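>>> this one's sequence-less:
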């Protein structure tokens, strides 16, 4: 092998970087364990322990908690950020797909038009969307064409209004307006996306993930660790509202602060306890990270203070009314909601509205603070100017080259803005820019009243802060609903179980593979095991370095990668054994063995990689995690098998030691095989034909157990204190929901409950209604005194441990995307094999074998789903399994085809199938070895892994068995039977006969 020094250097650097990245994960686990140990030593109840853990972690958030070789130090917060991210199925939390309402956006762009044709088109577009895969905007254009008559989109009553006067002209055709609308809708969705991102970032959810999904108006939001699901869903679905308010000058409220302090002092001195103020509704901004995560409890016992309000003031000369510590925010909110305190406001300021700015930290101490603002309210508590008037906002620079924000308003907004800025200039006061009740900025109008609506907002901004403010201004332009069309909620207890079972099954599978390689290949197996261990280190290191999320299916992808990594080493070792059997020296055999195996390794991994890539493109959430780990695993497996194993083998052989690549038991195993596979193809056709007919018959009659991913609905996994009857629960819940499906999943005290009740309604209120009905229906089976809150959060491991929701619209999209993924993978692989092997017969055989495998897997699921003790639903995870089966089947087939191509080149022709039989026999050891190893891995995962993965793993187990069979008995025979010249007689002999 050339460039050994470079390979060694790269391997060392790659390994060190992986260890560096994983070091943060290990340290973070130590910190979490220390927090748990501390909390459990101090408190008894789960809530108290949880609160103590949070306080412990907060205390070291800005304290150096980890030193890297004495070179760099990291705070607890930085360690957590750099640690490997765990997916919701491992950590618990909330995963939702939001649909930004394009209908709302169009309605807002039309200035709430009352035009009958326009509103009819909006309604018709909603109906079209139920069965269409296109974006809503395209459905609207179709609906409009059907009802418009002589009306135009560029009508003064629709889009040629004052708000769009710069973009839509009366002379425009519908086609022209459609282009403008497409641009405006896209801008609005981007703005809505920014609002969601800011909301989530503000509340500090650990490792959140938010991403826009194509141009459909859908946004994926993942919130690991969230416990207060109701509060979280309200947070991300509340319509954004940008507002502009006059700010009350601090000196005008000095008397109020003094009097309020005296009121509080008297109130707290005469009361032993202060009642906890009920939390604000979803539109309020007083929720903090602890509210959202459900990880703190308010201490109802008041700490009496000499000056309860005045002592909160850290800086009386802040941008707002005053600055206080972030930790005092909730207590101040309690004070400011007390009627006795508010009674101290002057009569002309009795409608004053209080709001907070964004939290900020002291650069030296890391302590966090926040500003309180007083806004000039009115009886209706409505702002004088709302964000709908903003037509554009961009980050810019002042004449002194300092970051600023350039904002433009329409004519209506410009007039009001001129009045507001005029007052602010005259009174030397501020105007607050408020989004979601948070003051993002409060600029002054130092240059006088601003006319024309073009405004430059300057201050002590960084470029990023100016960009953020510009995004906020644009975000309030077109408020739109955000409905949850798909949701998955995983309880923390289920996540911990998944981690425990996943780790256990992973270690068992890995141990079995390591032992098998040593038993089969002796000392060479040890080198393969070292390469495999290094491969696993690299996979986890790359995942951590990329900031990728490790999910349960992702862990399954890593385990599957183990099998693929073994496959590469098996291919290499089998070829070396063949070269040694030819009488070559050890060094020469190693060199030729690696060279000859390279083609098969690359072909097999590329075909699997192509299916994984398609899965990555079409998949979402955990399925994308599965594809990510599979893709990373393919690349690292290639590197470790081709280079690391080679380095170790060369080092051992060059030292003059003997390496047999076998043991006494396996030395002559499969060595003299001479099975006539081609002659048995008709029997195989009959067997496969029967299996396919039975499978198709079951698919048409018994059908498949389609999960909510494909049909829509709500599913809940509920645990009980003792075993329950699925039939009895089904009877009780049918009376509640009319239509319900109940299955025992795993143990007898755990049920999976699915219903289509109000499946078309996506509001948070409907979700809570369905959950409440479920709770009432299950009350006879729950412990006495169980509350709805306990049931929803699975307190004491009893209640809802997992829930999912998919609307019918997105279910149709998932179904079509899954079909495209399967067909796309087949097409891509067909073309690859055609290009690689230069005969369409090879491609036909491979694709036919894949169809054979997929139909049989589907058939077995159709036949058995009513009898198996685990879920065999057809969902996105099952599609991932099908695509993996396709990849594995092709992997196996390509290895056989590669050897056939090699044998044909050496021996000139098919010779009536003799050479094909020879090629299959020569790969039989590899085929069985790899299949058995992969099966051992999958069976370990299936037996000891998480319940939620059983269906996926069962499909993979069937796929491996059927795929191994089809590569030998279906793909190869079909390729042979479609050949024109099978080489039964040489061409010259055929001419002599003529």
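Good, I have the coordinates. Remember, it's a predicted structure, so these values are computed and weren't measured experimentally.
>>> Output the below-cut-off pLDDT ranges for the stretch 701-850 of the chain.
709, 746, 762, 764, 808-815 (pLDDT under 70).
>>> Name the residues of stretch 423-434 that are buried.
423, 424, 425, 429, 430, 431, 432, 433, 434 (16 or more other CB atoms under 10 Å). (C-beta placed from N, C-alpha, C; glycine too.)
>>> And stretch 943-955, by the same measure?
For stretch 943-955, by 16+ other CB under 10 Å, it's 944, 945, 946, 947, 948, 949, 950, 951, 952, 953, 954, 955.
>>> and if you look at stretch 525-538?
Quick answer for stretch 525-538 (16+ other CB under 10 Å): 525, 527, 528, 529, 530, 531, 532, 534, 535, 536, 537, 538.
>>> Out of the buried residues of stretch 423-434, which two sit at the greatest distance?
Distances among these were taken as CB to CB; the most separated pair is 425 and 434, at 19.9 Å.
>>> which residues of the stretch 501-650 of the chain fall in strands?
Ranges of strands in the stretch 501-650 of the chain, per DSSP state E, counting those that start in this stretch, are 549-550.
>>> what's the next secondary structure element after the helix or strand of the chain with the lowest mean pLDDT?
Lowest mean confidence among the helices and strands of the chain (mean pLDDT, DSSP states H and E): helix 289-293, at a mean of 35. If you walk from helix 289-293 toward the C-terminus, the next helix or strand you reach (DSSP states H and E) is strand 313-315.
>>> That following strand - which strands sit beside it in the sheet, and in what orientation?
If you go by DSSP bridges, strand 313-315 pairs up with strand 322-325 (antiparallel).
>>> List the buried residues for the partner strand?
322, 323, 324.
>>> tell me the average confidence for it?
The average pLDDT within strand 322-325 is 90.
>>> what comes into contact with it?
Under the contact criterion CB atoms under 8 Å, 6 or more residues apart in numbering, strand 322-325 has outside partners 250, 257, 312-316, 332, 367-372.
>>> Give the ChimeraX command for selecting the buried subset of those residues.
Those of the contacts of strand 322-325 that count as buried under 16+ other CB under 10 Å are selected in ChimeraX with:
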select :250,257,312,313,314,332,369,370,371,372
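>>> Redo the contacts of strand 322-325 as a markdown table? Include distance to residue 725 and pLDDT.
Converted to a markdown table, the contacts of strand 322-325 look like this (distance: CB to CB, whole Å; pLDDT from 0 to 100):
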| residue | distance to residue 725 | pLDDT |
| --- | --- | --- |
| 250 | 67 | 87 |
| 257 | 64 | 90 |
| 312 | 57 | 89 |
| 313 | 62 | 88 |
| 314 | 61 | 87 |
| 315 | 64 | 83 |
| 316 | 67 | 78 |
| 332 | 53 | 89 |
| 367 | 57 | 79 |
| 368 | 53 | 81 |
| 369 | 57 | 87 |
| 370 | 54 | 89 |
| 371 | 59 | 90 |
| 372 | 57 | 92 |
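>>> With respect to residue 782, which of the contacts of strand 322-325 is nearest?
Among the contacts of strand 322-325, residue 332 lies closest to residue 782 (CB to CB), at 39.4 Å.
>>> gap between that closest one and residue 181?
As judged by CB to CB, to the nearest Å, residue 332 and residue 181 stand 45 Å apart.
>>> what do you get for residue 118?
12 Å.
>>> quick one on the thing from earlier: in helices only, show me the buried residues of stretch 423-434.
423, 424, 425 (DSSP state H).
>>> Between those residues, which sits nearest residue 361?
For these, the nearest to residue 361 is residue 424 (28.9 Å; CB to CB).
>>> nearest residue to that closest one other than its sequence neighbours?
residue 445 (4.2 Å; CB to CB, 6 or more residues apart in numbering).
>>> Let me know how buried that neighbour is, in neighbour terms.
Neighbour count for residue 445, taken as other CB atoms under 10 Å: 22.
>>> cool, residue 267 as well?
16.
>>> Residue 343 is in contact with that one, correct?
No. With contact defined as CB atoms under 8 Å, residue 267 does not reach residue 343; the gap is 11.8 Å.
>>> any shared contact partners between these two?
Counting by CB under 8 Å, 6+ apart, no residue touches both residue 267 and residue 343.
>>> rewinding a little: and of the buried residues of stretch 943-955, the nearest to residue 679?
Checking the buried residues of stretch 943-955 one by one against residue 679 (CB to CB), the nearest turns out to be residue 955, at 32.1 Å.
>>> Contacts only, for the closest one.
Residue 955 neighbours (CB under 8 Å, 6+ apart): 857, 861, 878, 881, 882, 885.
>>> Check what contacts stretch 860-873 and list those residues.
Taking CB under 8 Å, 6+ apart as the rule, stretch 860-873 contacts 694-695, 698-699, 702-707, 743-746, 752, 874, 878, 947-948, 950-951, 954-955, 958.
>>> I'd guessed residue 754 sits against residue 737; true?
No. Between residue 754 and residue 737 there is no contact under CB under 8 Å: 9.7 Å.
>>> circling back to that earlier point, may I see the ChimeraX selection of the buried members of the contacts of residue 955?
Provided next is the ChimeraX selection string for whichever of these are buried by 16+ other CB under 10 Å:
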select :857,861,878,881,882,885
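>>> between the contacts of residue 955, which is closest to residue 582?
residue 885 (35.8 Å).
>>> Residue 638 contacts residue 605, doesn't it?
Yes. Using CB under 8 Å, residue 638 makes contact with residue 605 at a distance of 5.8 Å.
>>> where do the helices sit along the stretch 151-300 of the chain?
174-202, 229-237, 254-269, 289-293 (DSSP state H, counting those that start in this stretch).
>>> Show me the helices in the stretch 851-994 of the chain, by range?
Using DSSP H, counting those that start in this stretch, helices in the stretch 851-994 of the chain cover 876-907, 914-944, 950-966, 972-977, 987-993.
>>> would JSON lines of these with mean pLDDT and distance to residue 507 be doable?
Shown next, in JSON lines, are these (pLDDT from 0 to 100; distance: least, CB to CB, whole Å):
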{"stretch": "helix 876-907", "mean pLDDT": "78", "distance to residue 507": "22"}
{"stretch": "helix 914-944", "mean pLDDT": "82", "distance to residue 507": "9"}
{"stretch": "helix 950-966", "mean pLDDT": "87", "distance to residue 507": "16"}
{"stretch": "helix 972-977", "mean pLDDT": "88", "distance to residue 507": "37"}
{"stretch": "helix 987-993", "mean pLDDT": "44", "distance to residue 507": "59"}
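>>> Figure out which of the ones you listed is closest to residue 724.
Closest to residue 724 of those, according to CB to CB: helix 950-966, at 20.1 Å.
>>> More neighbours: residue 638 and residue 605, which one.
Of the pair residue 638 and residue 605, residue 605 is the one with more neighbours under other CB under 10 Å, namely 23 against 20.
>>> check contacts around the residue lying closest to that one once chain neighbours are set aside.
Leaving aside its chain neighbours, residue 605 sits nearest to residue 634 (5.2 Å; criterion: CB to CB, 6+ apart). Neighbouring residues of residue 634 by CB under 8 Å, 6+ apart: 561, 564, 605, 608, 609, 612.
>>> Which of these sits closest to residue 384?
Distances from residue 384 to the contacts of residue 634, taken by CB to CB, are shortest for residue 612, at 55.9 Å.
>>> host element of residue 734?
Here residue 734 is assigned to helix 726-737, by DSSP H and E.
>>> how close does the residue found closest to residue 42 once you drop the neighbours it is linked to in the chain get to residue 356?
Nearest residue to residue 42, sequence neighbours excluded (CB to CB, 6+ apart): residue 52, at 5.7 Å. The gap separating residue 52 from residue 356 is 27 Å, by CB to CB.
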